[in-house]
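Asker: Here is my input; please provide its structure:
(chains A and B)
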2 protein chains.
Amino acid sequence: MKKILLFLLDGYADWEAGFVSAKLNKPELGFEVQTISLETQTVTSQGNFVTNTANTLESFDDFDKLSAFVLIGGTGWGNQHLIKGYHPNVYDESSSASITALIDECLIRQHIIVAGICDGATFLADNGYLNKIDHTGNSLVHLQNKGLDYAGAAHFKELQAVSFGKIITANGTAPLEFTRELLLCLGMLDGRNQVDEWYQTYKQGYFIMTCHETYQIGKPSQKNTKNGLPTFLCFFYSAQFISFCRPCCSR
Amino acid sequence: MKKILLFLLDGYADWEAGFVSAKLNKPELGFEVQTISLETQTVTSQGNFVTNTANTLESFDDFDKLSAFVLIGGTGWGNQHLIKGYHPNVYDESSSASITALIDECLIRQHIIVAGICDGATFLADNGYLNKIDHTGNSLVHLQNKGLDYAGAAHFKELQAVSFGKIITANGTAPLEFTRELLLCLGMLDGRNQVDEWYQTYKQGYFIMTCHETYQIGKPSQKNTKNGLPTFLCFFYSAQFISFCRPCCSR
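Answerer: Down below sits the predicted model:
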């Protein structure tokens, strides 16, 4: 079975790993998700989940079975000095090189997808992988401040997730969009419609909430505002609908 | 430091635990998230994350320091026969009773929050906790089919998450709304505005995507459609904007 490696450090962002791990590991998709870390075998997430990782960078060499190498974000990238701009004086060049060695092998010889979310994307920026391709990240300023070898500003896109060739990037609020790009790049599910259906189910939720529905529980007296002007404004200004409605809602 | 317990089974839903664990464990909020499981000390998530849990139901008795008991959903509730409607003939009454004993202690004597997402909520329904209070879950039909002692249909709300008194429920597509209700019930952050700001940041994302922005990368020729009728329809039909736009988008 083909593998997808999720790279984790101490302080990894639980919410960035949640959708991508569970979705890509679904048996019907034919891939197995495995965790991988530096030399350690146990990492602790931001949410205090203690995770036994299955592989270390040193020991992994099963590239024939690898489909994607995914860098999960979190506080470890800065705290463990793996990105130059955080603490340049104590930059851990050796550990960073062990990560870029695996990335290089994926991209150069194996045609394997490399994906980074949040500071996973910053790491890619810091090592020059994004200088010539469309990409995103937590923000352009963040990539410029932390990625000392980053020179890709012209290709930065203010989008939740971006894929270009075999490289996928996303910001830390985009766990769903990051997973969607991976599904599409891996050719999983039955094409774009099925991926979009999955995405919309989780993005919107089973029960789409408008601000009035959200705030209405136990307050039947407010139901009449549903037909009033504020609700019309909600529907008109789709993307900003919550912020437009907030002044007219109370709980 | 006050504790928040996240109850995990094999097959727990990574995405349901991601936001709630990382957010509630933020040092500035003053709570420590700890994992807890049945008698086992290791559980494996749907995404193949092997987690060493910190507590077992048998050993936990530190109620003075407990602020919330949170039941994460996943395949274990059915596979391990903890909910009557899945496989009534092999229902594990003993293990279920060890969970309800902790819930009872929280609700009856300790005034501690109990929260369930996805089949965590179904478990609450199956054991009669939701019969008299506003609540939600994966769907009314699901609660009725799986919760053999559920008789709370009159109080079921088609919402992403619902809190009533000390009990919080949510469906499996609502990890953010579930976390929001917990933050509010725990009195964390600086009231509703700050909670809403956090919620909107992750719900919408740093870079709010409209369908046309999403699909436009590398396709400048399509930009003109932004001012056309299809885009107007997108904005008008807010909640369904992606599905309305899909026919007029291509990548």
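Asker: So is the longest helix seen in chain A next to chain B?
Answerer: In chain A, with assignment by DSSP state H, the single longest helix is helix A:191-204. Yes. Against chain B, helix A:191-204 shows contacts by C-beta under 8 Å from any C-beta of the partner chain at A:192-193, A:196, A:200-202, A:204. All C-beta spots, glycine's among them, are computed from the backbone N, C-alpha and C.
Asker: Turn those into a markdown table, including pLDDT and neighbour count.
Answerer: Formatted as a markdown table, the residues of helix A:191-204 next to chain B follow (pLDDT from 0 to 100; neighbours: other C-beta atoms under 10 Å in any protein chain shown):
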| residue | pLDDT | neighbour count |
| --- | --- | --- |
| A:Arg192 | 72 | 17 |
| A:Asn193 | 82 | 10 |
| A:Asp196 | 91 | 21 |
| A:Gln200 | 94 | 18 |
| A:Thr201 | 94 | 13 |
| A:Tyr202 | 97 | 19 |
| A:Gln204 | 94 | 18 |
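Asker: Pass me the low-pLDDT residue ranges in the stretch 101-250 of chain A, would you?
Answerer: A:189-191, A:209-250 (pLDDT under 70).
Asker: So which residues of it form helices?
Answerer: Ranges of helices in the stretch 101-250 of chain A, per DSSP state H, counting those that start in this stretch, are A:119-126, A:140-146, A:175-185, A:191-204, A:211-216, A:229-236, A:241-245.
Asker: Spit out the contact partners of the spatially most central residue of chain A.
Answerer: Using C-alpha atoms, centre = their mean, the residue of chain A that lies closest to the mean C-alpha position is A:Ile117, 3.7 Å off. By C-beta atoms under 8 Å, 6 or more residues apart in numbering or on different chains, the contact set of A:Ile117 is A:13, A:16, A:20, A:70-73, A:169-172, A:174-175, A:178.
Asker: secondary structure element for A:Ile4?
Answerer: strand A:2-7 (DSSP states H and E).
Asker: I'd say A:Asn138 and A:Thr122 touch.
Answerer: Yes. Between A:Asn138 and A:Thr122 there is a contact at 6.8 Å, judged by C-beta atoms under 8 Å.
Asker: Among the contacts of A:Ile117, which lie within strands?
Answerer: Secondary structure assignment by DSSP state E places A:70-71, A:169-170 of the contacts of A:Ile117 in strands.
Asker: And the furthest pair within these?
Answerer: Greatest spatial distance among the ones in strands among the contacts of A:Ile117 (C-beta to C-beta): A:Val70 and A:Thr169, at 11.3 Å.
Asker: what touches both of the two?
Answerer: What both A:Val70 and A:Thr169 touch, as defined by C-beta under 8 Å, 6+ apart, is the set A:115-117.
Asker: Show me which residues of the stretch 51-200 of chain A are close to chain B?
Answerer: Residues of the stretch 51-200 of chain A lying near chain B by C-beta under 8 Å from any C-beta: A:51-52, A:54, A:134, A:136, A:138-139, A:157-160, A:162, A:171-175, A:177, A:192-193, A:196, A:200.
Asker: Swap in 10 Å and give it another go.
Answerer: Contact residues, the stretch 51-200 of chain A versus chain B (C-beta under 10 Å from any C-beta of the partner chain): A:51-54, A:74, A:134, A:136-139, A:157-164, A:170-177, A:179-180, A:184, A:192-193, A:196-197, A:199-200.
Asker: now the ones in strands among the contacts of A:Ile117 in JSON lines, with neighbour count?
Answerer: What follows is the ones in strands among the contacts of A:Ile117, written out as JSON lines (neighbours: other C-beta atoms under 10 Å in any protein chain shown):
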{"residue": "A:Val70", "neighbour count": "26"}
{"residue": "A:Leu71", "neighbour count": "29"}
{"residue": "A:Thr169", "neighbour count": "34"}
{"residue": "A:Ala170", "neighbour count": "34"}
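Asker: Mind putting those into a markdown table with distance to B:Ser98?
Answerer: Listed next are these as a markdown table, based on distance: C-beta to C-beta, whole Å:
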| residue | distance to B:Ser98 |
| --- | --- |
| A:Val70 | 37 |
| A:Leu71 | 39 |
| A:Thr169 | 45 |
| A:Ala170 | 40 |
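Asker: right, and A:Thr100 touches A:Leu124 too?
Answerer: Yes. Applying C-beta atoms under 10 Å as the test, A:Thr100 and A:Leu124 come out as touching, 9.3 Å apart.
Asker: which of those two has more neighbours?
Answerer: Taking neighbours as other C-beta atoms under 10 Å in any protein chain shown, A:Thr100 and A:Leu124 compare with A:Leu124 leading, 28 against 15.
Asker: who does the strand holding A:Ile4 pair up with?
Answerer: The pairing partners recorded for strand A:2-7 under DSSP bridges are strand A:31-37 (parallel), strand A:66-71 (parallel).
Asker: what's the average pLDDT for the longest one?
Answerer: Which is strand A:31-37. Mean pLDDT, computed over strand A:31-37, is 98.
Asker: Next: the shortest one.
Answerer: For strand A:66-71, mean pLDDT is 98.
Asker: thinking again about what came up before, quick one: work out the angle between the longest helix of chain A and helix A:175-185.
Answerer: Angle of helix A:191-204 versus helix A:175-185, following axes from the mean of the first three to the mean of the last three C-alpha atoms, to 10 degrees, is 170 degrees.
Asker: For helix A:191-204, list the C-alpha coordinates in CSV.
Answerer: Extracted in CSV, the C-alpha atoms of helix A:191-204 (Å, rounded to 0.1, in the frame of the first residue of the first chain):
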residue,chain,number,x,y,z
GLY,A,191,-12.5,13.9,-9.4
ARG,A,192,-13.2,17.5,-8.5
ASN,A,193,-17.0,17.2,-7.8
GLN,A,194,-16.5,14.5,-5.2
VAL,A,195,-13.6,16.4,-3.5
ASP,A,196,-15.7,19.5,-3.5
GLU,A,197,-18.6,17.7,-1.9
TRP,A,198,-16.4,16.4,0.9
TYR,A,199,-14.9,19.8,1.3
GLN,A,200,-18.2,21.7,1.5
THR,A,201,-19.7,19.2,3.9
TYR,A,202,-17.0,20.0,6.5
LYS,A,203,-16.5,23.6,5.6
GLN,A,204,-20.2,24.5,5.9
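Asker: thinking again about what came up before, run the angle between the strand holding A:Ile4 and helix A:119-126 for me.
Answerer: Put simply, strand A:2-7 runs at 90 degrees to helix A:119-126, going by the same axes, to 10 degrees.
Asker: Kindly report the domain assignment for chain A.
Answerer: A:2-203, A:211-248 (automatic domain parsing).
Asker: Of those, which is nearest B:Leu9?
Answerer: domain A:2-203 (14.0 Å).
Asker: start to end distance for the closest one?
Answerer: 28 Å (C-alpha to C-alpha, to the nearest Å).
Asker: for it, the distance to its chain's centre please.
Answerer: 7 Å (C-alpha atoms, centre = their mean, to the nearest Å).
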